[in-house]
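Asker: for reference, the sequence and a predicted model appear below.
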Amino acid sequence: MNQKIRNIAIIAHVDHGKTTLVDKLLREGGVYRVGQAMEERAMDSMDLEKEKGITIKAKNASVHWKDYLINIVDTPGHADFGGEVERILGMVDGVLLLVDAFDGPQAQTRFVLKKALAHGLKPIVVINKIDRERADAHGVHDKVLELLLELNATDDQFNSPFIYASARDGYAVRQIGDPKAGMTPLFEAILERIPAPEANREAPFQMLVSNLDWSDYVGRIAIGKVTGGHCKVGDPIVCIHHNGKRERSIVTKIFEFSGLKSGEVVSAEAGNIVGISGFDELAIGETLCDSEEREPVPFMELDPATIQMQFAVNDGPLAGKDGKFVTARHIGERLHKETRTNISLAVEDTEAANVFLVSARGEMQIAVLVEQMRREGYEVLVSRPEVILREEKGKKLEPYESLWIEVPNECLGDILQSLANRKALVTNMTHHPHGVGIEATIPTRGLIGFETDMVNLTSGRGVMSHMFKEYGPVVGEILTRVTGTLVSMETGIATAWALNNIQERGRLFVGPQEEVYAGMIIGENPRNEDMPVNPTKTKHLTNMRSQGDGKGIQLEPPLKMSLERSLEYIAGDEFVEATPKNLRLRKRILNAVARKRAGQAQSAAIA
């Protein structure tokens with residue numbers, strides 16, 4: 001056992017200050033030189049993470065404090081990225097549970113903490129943002145204890161130390177009112193509370209691959225905790241693949257984390273988190289060891305995927321104008337490449353060569369993948385999220401989620417009406433001075449598009465979080481969109497004159513001088529039906545002077561939806577066309593006559 005190493009993960013809900021806390025620990029641990037410019041939220045290395053303010057990929061860093069090496073793993077706080085969390089918990093020996101001093105423990109905190117407690121990990125509770133207005137650190141302290149009881153924590157886990165902190169201001173204290181002396185109390189609590197990794201240096205070498213990285217110089221790098229023994233550069237090594245096949249190779253490089261970067265070292269010691277290169281093909285959950293006779297390290301089963309979406313080749317009239325990668329081969333290779341590092345994602349080929357079925361934990365996870373592909377130059381059509389049904393004992397089951405909502409009092413009636421329409425069952429309601437807390441069980445189908453509804457109904461003041469609960473009986477049809485669409489009849493350039501007439505029919509999604517095509521959705525119809533319109537019509541000139549000549553056209557600004565909102569908005573017979581420069585909504589079948597025939601055939605089949 002190496003007494004000088006500590007391996008910890010940080011658990012927190014979205015926007016509770018996790019990445020800011022890691023910044024301060026890195027600063028105090030000497031990662032940044034005196035006078036060196038410190039990057040804000042340094043652990044959020046992806047552009048999308050910085051823009052959305054959330055952690056998407058689990059990442060490693062390390063801090064040297066006194067004589068100790070503290071390996072820190074930053075875990076995502078959103079349940080859709082739970083696959084990242086589950087594989088990381090096997091690398092660490094304890095967790096920092098970070099809770100906002102105003103919001104208290106939220107659903108995603110509960111989700112990750114439940115997994116950590118089941119692993120037998122010891123928590124340290126950090127109540128953050130105690131400098132915040134209306135912060136209630138003592139009230140949150142009691143809520144955390146209630147949560148630990150609810151999640152069946154052991155006596156040792158229940159008696160976890162509490163640290164009060166303001167990550168933004170860079171201090172932590174054991175009791176409110178103690179003098180502020182930087183992050184020292186938190187470092188001391190980590191060394192006292194978190195055990196050293198249990199790993200025998202004299203045992204045979206063994207390591208479970210928990211993460212993957214890529215280097216243009218050495219290829220694929222396997223990251224994980226060395227659970228036994230040690231190895232050096234040049235040592236022979238065996239990889240036990242998922243299918244039981246054993247592959248031999250040589251260790252070409254070993255990387256150890258130092259601050260945010262990884263540096264080359266000569267050997268990997270038991271208990272440390274390291275990166276090892278030497279294999280071309282590796283997958284998360286496989287075992288590296290010293291000989292073929294060894295048994296693989298057991299890998300924890302992941303929660304099931306609950307939704308699926310179709311990814312199709314862009315076959316519209318504007319295909320190939322924005323993107324570099326537009327063929328089925330390009331899209332298929334990119335999706336299969338994603339499954340190597342994102343184990344909670346599954347990709348299946350369908351009967352149609354140009355369509356792929358992607359299964360995931362939630363629409364946020366797939367929306368992030370589509371956004372990454374857009375930025376890399378891909379063009380793709382994406383369908384509306386659909387839930388994955390199961391069949392047990394002849395009955396169809398669908399996924400249900402636990403939902404937590406905080407809304408102002410005056411919005412309660414509208415929210416409850418929306419929940420009732422989505423077949424939700426309210427299980428608890430608590431009134432407090434700032435609003436109402438609602439707990440409900442809702443089919444995953446009913447959640448699709450609910451966040452947008454809630455933002456509109458509460459004018460952005462509502463807060464919600466959700467988490468997979470169980471599979472249950474299928475409820476009836478859930479109407480998530482009660483409006484129809486305005487569908488273009490022609491291909492060409494939208495004109496202000498035509499849009500001026502169309503905007504009287506409904507809300508526009510396009511502006512003048514934008515390219516449109518037949519079958520593209522250019523607006524929303526308040527009635528629940530699709531209305532064909534011609535946005536390319538121009539005003540015909542005559543030799544008669546018109547009465548309204550010289551009067552300017554006043555167009556409403558078009559509604560531009562984000563990718564997540566677009567995916568929630570579309571119906572089952574529609575696609576989102578995602579290209580590097582544009583997001584368009586369109587019908588699956590572009591031809592109006594073919595579309596009408598398909599609709600009639602579907603109605604006849606149902607009847």
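Answerer: Cool, the structure landed.
Asker: only C-alpha atoms for contact and neighbour calcs from this point on.
Answerer: Noted.
Asker: and the helix or strand where Met373 lies, which residues are buried?
Answerer: Take DSSP states H and E as the rule and Met373 turns out to sit in helix 363-375. For helix 363-375, the neighbour count (16 or more other C-alpha atoms under 10 Å) marks Glu363, Met364, Gln365, Ile366, Ala367, Val368, Val370, Glu371, Gln372, Met373, Arg374 as buried.
Asker: possible to save those residues as TSV with pLDDT and distance to Ala9?
Answerer: Supplementary listing: these in TSV, determined by pLDDT from 0 to 100; distance: C-alpha to C-alpha, whole Å:
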residue	pLDDT	distance to Ala9
Glu363	79	25
Met364	79	23
Gln365	81	21
Ile366	86	25
Ala367	85	26
Val368	85	23
Val370	91	28
Glu371	89	27
Gln372	88	26
Met373	91	29
Arg374	91	31
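Asker: TSV for the residues you listed, including distance to Glu256?
Answerer: Below are these laid out as TSV (distance: C-alpha to C-alpha, whole Å):
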residue	distance to Glu256
Glu363	35
Met364	32
Gln365	29
Ile366	32
Ala367	33
Val368	29
Val370	32
Glu371	31
Gln372	28
Met373	30
Arg374	33
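Asker: list just the nearest of those residues to Gln206.
Answerer: Gln206 lies nearest to Gln365 out of the buried residues of helix 363-375, by C-alpha to C-alpha, at 31.9 Å.
Asker: ok, back up a step: each with direction, which strands does the helix or strand following the helix holding Met373 pair with?
Answerer: Along the chain past helix 363-375, the next helix or strand (assigned with DSSP H and E) turns out to be strand 380-383. Paired with strand 380-383 in the same sheet, following DSSP bridges, are strand 307-312 (antiparallel), strand 574-578 (antiparallel).
Asker: ok, residues contacting the last one?
Answerer: Surrounding strand 574-578, the residues in contact under the criterion C-alpha atoms under 8 Å, 6 or more residues apart in numbering are 314, 370, 374, 379-384, 566-567, 570, 583-588.
Asker: try it again at 7 Å.
Answerer: Outside strand 574-578, the residues that touch it by C-alpha atoms under 7 Å, 6 or more residues apart in numbering are 374, 379-383, 566-567, 583-588.
Asker: nearest to Ala196 among the buried residues of helix 363-375?
Answerer: Minimum separation from Ala196 among the buried residues of helix 363-375 (C-alpha to C-alpha) is found for Gln365, which lies at 34.0 Å.
Asker: gap between the closest one and Ile307?
Answerer: Distance, Gln365 to Ile307, by C-alpha to C-alpha, to the nearest Å: 10 Å.
Asker: now Phe205: how far from Met520?
Answerer: Note on Phe205: its distance to Met520, by C-alpha to C-alpha, is 59 Å.
Asker: ok, back up a step: now render the strands paired with strand 380-383 as a markdown table, adding mean pLDDT, mean neighbour count and distance to Ala116.
Answerer: Listed next are the strands paired with strand 380-383 as a markdown table, based on pLDDT from 0 to 100; neighbours: other C-alpha atoms under 10 Å; distance: least, C-alpha to C-alpha, whole Å:
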| stretch | mean pLDDT | mean neighbour count | distance to Ala116 |
| --- | --- | --- | --- |
| strand 307-312 | 91 | 22 | 25 |
| strand 574-578 | 93 | 25 | 37 |
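Asker: next, the angle from the lengthiest strand in the chain to strand 307-312.
Answerer: Identified as the longest strand of the chain according to DSSP state E is strand 395-407. Relative orientation of strand 395-407 versus strand 307-312 (axes from the mean of the first three to the mean of the last three C-alpha atoms, to 10 degrees): 100 degrees.
Asker: for strand 395-407, give the mean pLDDT please.
Answerer: Throughout strand 395-407, pLDDT has a mean value of 87.
Asker: following that strand, which helix or strand shows up next?
Answerer: Moving toward the C-terminus from strand 395-407, the first helix or strand encountered (DSSP H and E) is helix 412-421.
Asker: who touches that next one?
Answerer: Applying C-alpha under 7 Å, 6+ apart, the set of residues contacting helix 412-421 is Met454, Leu457.
Asker: helices along the stretch 51-200 of the chain, start to end?
Answerer: Taking DSSP state H, counting those that start in this stretch as the criterion, the stretch 51-200 of the chain carries its helices at 82-88, 107-118, 137-150, 155-158, 184-193.
Asker: quick one on the thing from earlier: could you dump the strands paired with strand 380-383 to TSV with distance to Glu406?
Answerer: Conversion of those to TSV gives the following (distance: least, C-alpha to C-alpha, whole Å):
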stretch	distance to Glu406
strand 307-312	25
strand 574-578	31
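Asker: out of these, which gets nearest to Val426?
Answerer: Closest to Val426 of the strands paired with strand 380-383, according to C-alpha to C-alpha: strand 307-312, at 22.8 Å.
Asker: mind listing what's buried along whatever helix or strand comes next after that closest one?
Answerer: Per DSSP H and E, the first helix or strand lying C-terminal to strand 307-312 is helix 328-341. With burial defined by 16+ other C-alpha under 10 Å, the residues of helix 328-341 counted as buried are Ala328, Ile331, Gly332, Leu335, His336, Thr339, Arg340, Thr341.
Asker: quick one: Val475 is in a helix?
Answerer: No: remark: Val475 does not belong to a helix; assigned using DSSP: H, G, I helix; E, B strand; the rest coil, it is coil.
Asker: give me the phi and psi for it.
Answerer: Phi and psi for Val475, reported as degrees, to the nearest 10, are phi -90, psi 170.
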